[in-house]
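J.: Sequence plus predicted model, see below.
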Amino acid sequence: MRQSNNGEAQMINTTVNATNLDYRTGTRKPAADANRAVRRASAFDRESLAAFAIYCGLSLLFFGRGLIGHFGDRYIGVGPDPAPALYLMLWWPHALANLQNPFFNRLVWAPEAINYAHFPCLLSPALLMSPLTLLAGPIVSYNALVLLSTALSAWAAFILFRYLCGAFGAAVAGGALFGYSPFALSHALGQAHLVMGAFIPLAIYATLRRLSNEISARRFFVWMTLIIAGQIGFALEMLALGTLLGAVALALAWLMGGADLRRRIVRLAAPLAASYCAAVLLAAPYIYYFFAGGALDFSPNIALHNSAMPSNFILPTQVNLFGAWMSRWLAARTPIYDTTAYVGAPALLLIAIVAARRSGEIAVKMCVAMLIILATLSLGPVLLTGPHRGIPMPEAFLYFYAPLFKNALPVRFTAFFFICIGALAALWLSDKALSATVRWGLGAIVLLSLTPNLNASFWSTNVDTPGFFRNGLYRKYISPGETIMILPYGITGTSDVWQADARHFFRTAGGYLSVSPPVPRGYRDWPAVRAFFGLYEIPDLRRNVAAFLVGKQVSKVLVPDGGAHLLQWTFGDGPASWRLRAFSPDENAAIDAFFGWLDPAPLRVGGVTIYRIPLDRLKDDAQDTPAALQLATGRAFIQKLLTAANSYLADGGDLANLNLISGAARGLLPRLWLTGASADNYLPQLENRNGLTLKATDNGLIEVGITGTAGALQQIAREYKAYTVAARVMPPEPALNVADWVLPVLQMRFDREGLAKAAAYAARQEASAAANASEAPEKGAFAGVHD
């Protein structure tokens with residue numbers, strides 16, 4: 001290729017020199033130039049194997065050092081999300097070996113039939129790693145999966161970038177930027193299905209080879225079929241996003257390229273469509289259950305709560321070397337899994353320089369254009385300027401109305417940042433028109449700014465499985481297939497790992513699969529479930545607990561003795577993370593209130609306490625439906641909040657200081673309603689806690705609120721409508737107690753006169769309910785089964 005007149009824009013990448021397409025203009029090159037093509041290197045030559053070895057070494061350096069000597073009792077990741085992945089590593093081979101339908105599981109959240117096609121089910125990795133899983137266990141297999149996923153992602157990017165630039169060192173650096181990008185690092189902490197990014201660069205590589213006529217349409221069809229099928233088995237959502245972005249990229253190439261490139265893009269359509277059809281056939285069972293399982297049960301407005309923060313483009317999080325002290329300027333209460341937009345000032349500088357120097361090249365223009373599109377989409381429908389503030393974005397209509405976008409997580413678009421950035425970095429590092437000192441000087445700064453956290457302990461968590469499960473003691477106390485319940489409950493613990501250690505010997509009335517949703521439909525209507533998650537008391541506690549245990553046929557409840565087993569949010573400087581801690585005295589008191597009346601002398605063995613539930617004596621007395629319990633519990637909450645607010649103000653309390661805590665401090669609200677799992681360094685939660693709200697509004701009104709089912713909340717709103725200034729049932733909102741994420745919120749506002757009337761009405765209703773309860777004969781079950 002000829003240099004430009006000013007000598008700056010020498011075409012140095014092998015793609016341009018080795019094909020009959022000019023990626024500067026998108027037109028066919030002269031035959032003489034095409035004949036000077038450099039022979040393509042094989043994807044499995046010595047350079048490729050050397051690059052893979054380098055990436056394996058980096059994965060061990062970054063993530064594996066903390067596992068040395070503990071590969072089977074520590075796992076890569078933090079927080080709740082590794083637990084369901086560890087469970088799934090064993091579930092797939094277990095289900096197939098026992099001739100069960102692997103897409104439906106009745107062992108967690110029993111007896112519900114959980115459709116795994118609606119969750120990140122790790123289909124491909126679980127099956128590929130099944131020999132290691134059966135030989136060494138799910139923890140070893142999961143650790144190997146994360147280490148291999150990062151290395152393979154980097155290696156696949158190396159194959160693409162070497163194809164683009166023709167230089168080994170530059171391609172290795174570009175591959176590292178992609179394989180160990182902030183997106184990959186953040187998801188290595190818990191979402192293994194998103195760590196494997198190899199399919200993205202491999203799809204681009206195959207497409208470029210086909211556009212350049214280096215592979216036949218038949219070979220392209222085979223390659224793309226395997227790539228698409230593989231991506232389906234890891235993360236179907238990433239295939240959907242990749243398909244969308246691939247279409248955008250081809251559209252850009254059409255607009256930027258010449259007539260010859262446009263003809264080639266048209267010829268690409270048929271084999272590409274055939275590849276999708278073939279991949280869908282290969283994954284037919286998965287696709288069938290995905291669509292046959294009904295609508296996806298995502299939280300409302302999910303895009304609003306999973307968008308990139310603009311500051312994250314510049315500021316790293318704890319997953320990066322410099323994030324430990326710089327992340328303090330990022331907005332708190334954003335989970336570390338979702339703070340994946342970091343690019344950094346050095347990388348942005350490199351992008352700007354390459355874009356300016358090589359502005360005429362179609363590859364560079366496409367990378368820059370795609371970065372702009374990706375960054376915009378990652379911000380979501382609202383540009384977040386704070387935890388609860390934002391500016392509507394132009395693409396908001398997509399997230400609210402377009403079918404694909406309505407269930408999309410905007411922050412997932414950051415997964416594609418470093419395909420573009422890695423390509424630009426590889427082109428920069430291989431640009432022979434610049435001195436090696438300049439190229440690698442800036443390149444080294446970029447790599448350093450994106451280096452992962454080098455603290456080995458940051459990346460791993462000790463397995464907290466009690467000896468009761470680890471040593472097989474469960475076989476003496478639990479029957480095969482028996483339904484038990486484990487605390488900490490659901491996402492607040494790692495009971496999935498404990499059940500996997502027990503090789504699916506029993507069923508659990510709980511578990512954790514995904515935050516979308518954190519509680520399945522058959523569980524969310526029970527008031528007791530919220531109490532189990534939050535470890536706090538609720539009105540008519542015994543009746544609520546007994547009805548749930550009978551409804552789910554729970555015969556034993558297991559609680560670990562001592563040690564750190566409860567997962568708690570940590571909201572300090574920067575993104576939110578988690579830590580394991582022991583139960584607090586208040587939480588132990590709540591657990592005893594839940595089950596102590598059912599078994600005053602529980603068994604203690606193998607590091608757990610076993611509460612035996614007398615279902616035969618409870619079944620006749622615990623027949624309340626979830627709907628009836630929700631209405632009764634909601635009424636009791638509202639009655640107490642209204643009378644507490646009215647008494648507080650009648651006693652001369654300051655309206656500005658009216659909240660849950662001030663009410664409890666005066667003895668107007670039960671303190672044990674407001675205890676339970678909270679978070680380190682979180683806002684004091686004076687006004688909102690455990691699904692309850694009590695506060696003064698900016699315009700001097702009194703606001704009370706509760707969470708519950710829509711039917712119960714609407715009934716309560718009708719009962720108090722005559723006294724309110726405003727009453728409405730709102731969609732679910734994120735909360736510390738994840739059981740509240742899936743329940744609507746009743747918000748009622750009163751002026752002072754209306755509050756007094758509502759409190760008087762509430763007091764009459766409360767007195768009537770108490771009188772009815774005292775007149776009814778007390779049922780033996782709730783008087784104390786073992787008394």
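T.: On my side now, so go ahead.

J.: From residue 151, how far out is the nearest residue to residue 488 once chain neighbours are set aside?
T.: Closest residue in space to residue 488, ignoring its immediate chain neighbours: residue 566 at 4.6 Å, by Cβ to Cβ, 6 or more residues apart in numbering. Every residue, glycine included, has its C-beta placed from N, CA and C. Note on residue 566: its distance to residue 151, by Cβ to Cβ, to the nearest Å, is 34 Å.

J.: what's the answer for residue 356, then?
T.: 34 Å.

J.: Which pLDDT does the model give residue 406?
T.: As predicted, residue 406 sits at a pLDDT of 69.

J.: Residue 739 belongs to a strand?
T.: No - counting by DSSP: H, G, I helix; E, B strand; the rest coil, residue 739 is located in no strand; its state is helix.

J.: shouldn't it be in contact with residue 527?
T.: No - counting by Cβ atoms under 8 Å, residue 739 stays clear of residue 527, with 9.5 Å between them.

J.: what number of residues lie near residue 675?
T.: Residues lying near residue 675 (other Cβ atoms under 10 Å) number 21.

J.: er, residue 244 I mean
T.: Count around residue 244 with other Cβ under 10 Å applied: 15.

J.: Need the three-state assignment for it.
T.: Following three-state DSSP, we place residue 244 in the helix state.

J.: Per-residue pLDDT of it, please?
T.: The per-residue pLDDT of residue 244 was computed as 93.

J.: any idea how far residue 493 is from it?
T.: Distance from residue 244 to residue 493, by Cβ to Cβ: 37 Å.

J.: Excluding residues flanking it in the chain, which one is nearest residue 700?
T.: In this structure, residue 700 finds its nearest non-sequential neighbour in residue 655, 7.0 Å apart by Cβ to Cβ, 6+ apart.

J.: Just to check, that neighbour is in contact with residue 699?
T.: No - judged on Cβ under 8 Å, residue 655 makes no contact with residue 699 at a distance of 11.4 Å.

J.: Which one's more surrounded, the two?
T.: When residue 655 is set against residue 699 and neighbours are counted by other Cβ under 10 Å, the residue ahead is residue 655, at 15 against 8.

J.: which ones are touching the more buried one?
T.: 649, 696, 700, 702 (Cβ atoms under 8 Å, 6 or more residues apart in numbering).

J.: now swap in residue 538 and tell me
T.: 527-528, 530-531, 544, 633, 637, 673.

J.: helix or strand for the closest residue to it other than its chain neighbours, which one?
T.: Excluding the flanking residues, the one nearest residue 538 by Cβ to Cβ, 6+ apart is residue 531, at 4.9 Å. Per DSSP states H and E: residue 531 is located in helix 527-534.

J.: about what we covered before: report the buried members of the contacts of residue 538.
T.: For these, a neighbour count by 16 or more other Cβ atoms under 10 Å gives the buried set as 527-528, 530-531, 544, 633, 637, 673.

J.: Out of these, which comes closest to residue 365?
T.: residue 530 (52.9 Å; Cβ to Cβ).

J.: Test my guess that the closest one contacts residue 742.
T.: No - assessed by Cβ under 8 Å, residue 530 is found out of contact with residue 742, at 10.2 Å.

J.: which one of residue 356 and residue 151 has more residues nearby?
T.: A direct count of neighbours by other Cβ under 10 Å for residue 356 and residue 151 places residue 151 higher, at 24 against 10.

J.: Which pLDDT does the model give that one?
T.: pLDDT at residue 151 comes out at 98.

J.: so it makes contact with residue 61?
T.: No - in this structure, residue 151 is not within contact of residue 61 by Cβ under 8 Å, at 11.1 Å.

J.: which outside residues touch stretch 271-290?
T.: So stretch 271-290 is contacted by 103-104, 115-118, 121, 123, 210, 217-218, 220-221, 224-226, 228-229, 232-233, 236, 243 (Cβ under 8 Å, 6+ apart).

J.: Which of those are buried, as a PyMOL select command?
T.: Of these, the buried ones can be selected in PyMOL as follows, counting by 16+ other Cβ under 10 Å:
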select buried, resi 103+115+116+117+118+121+123+210+220+221+224+225+226+228+229+232+233+236+243
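
J.: for the stretch 501-650 of the chain, what are the low-confidence residue spans?
T.: 516, 571-574 (pLDDT under 70).

J.: Going along the chain, name the helices of it.
T.: Ranges of helices within the stretch 501-650 of the chain are 521-524, 527-534, 541-551, 585-595, 615-618, 626-650, based on DSSP state H, counting those that start in this stretch.

J.: would a markdown table of the ones you listed with distance to residue 184 be doable?
T.: Putting these into a markdown table (distance: least, Cβ to Cβ, whole Å) gives the following:
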| stretch | distance to residue 184 |
| --- | --- |
| helix 521-524 | 33 |
| helix 527-534 | 30 |
| helix 541-551 | 40 |
| helix 585-595 | 36 |
| helix 615-618 | 47 |
| helix 626-650 | 41 |
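
J.: Out of these, flag the one nearest residue 51.
T.: helix 527-534 (46.0 Å).

J.: And the closest one, what does it pack against?
T.: Contacts defined by 3 or more Cβ pairs under 8 Å, 6 or more residues apart in numbering; DSSP states H and E place helix 527-534 against helix 541-551, helix 585-595, helix 626-650.

J.: right, so those helices: which one is the most enclosed?
T.: Highest mean neighbour count among the helices and strands packed on helix 527-534 (mean count of other Cβ atoms under 10 Å): helix 541-551, with a mean of 23.

J.: by contact count, what packs against that helix?
T.: Looks like helix 541-551 contacts helix 527-534, helix 585-595, helix 615-618, helix 626-650, helix 780-784 (3+ Cβ pairs under 8 Å, 6+ apart).

J.: Of these, which is nearest residue 50?
T.: Once these are compared by Cβ to Cβ, helix 527-534 is nearest, at 49.8 Å.

J.: Go ahead and name everything in contact with that closest one.
T.: Counting by Cβ under 8 Å, 6+ apart, 485, 487, 489-492, 510, 519, 523, 537-538, 541, 544-545, 547-548, 590, 594, 626, 629-630, 633, 676-677, 690-691, 707-708, 736-740, 743 sit against helix 527-534.

J.: Now do the contacts for the residue lying closest to residue 735 once chain neighbours are set aside.
T.: In this structure, residue 735 finds its nearest non-sequential neighbour in residue 741, 6.2 Å apart by Cβ to Cβ, 6+ apart. Counting by Cβ under 8 Å, 6+ apart, residue 741 makes contact with 299, 515, 517-519, 732-735.

J.: again, but for residue 721
T.: Neighbouring residues of residue 721 by Cβ under 8 Å, 6+ apart: residue 727.

J.: is it true that it lies in a helix?
T.: Yes - assessed by three-state DSSP, residue 721 belongs to a helix.

J.: Of the contacts of residue 538, which is the nearest to residue 155?
T.: Proximity of the contacts of residue 538 to residue 155 (Cβ to Cβ) peaks at residue 530, which lies at 46.0 Å.

J.: Next, work out how far apart that closest one and residue 637 are.
T.: 11 Å.

J.: how much space between residue 606 and residue 662?
T.: 44 Å.

J.: Residue 526 too?
T.: From residue 526 to residue 662 the distance is 30 Å (Cβ to Cβ).

J.: on that earlier part again, please identify which pair of the contacts of residue 655 lies farthest apart.
T.: Among the contacts of residue 655, 649 and 700 lie farthest apart (Cβ to Cβ), at 11.5 Å.
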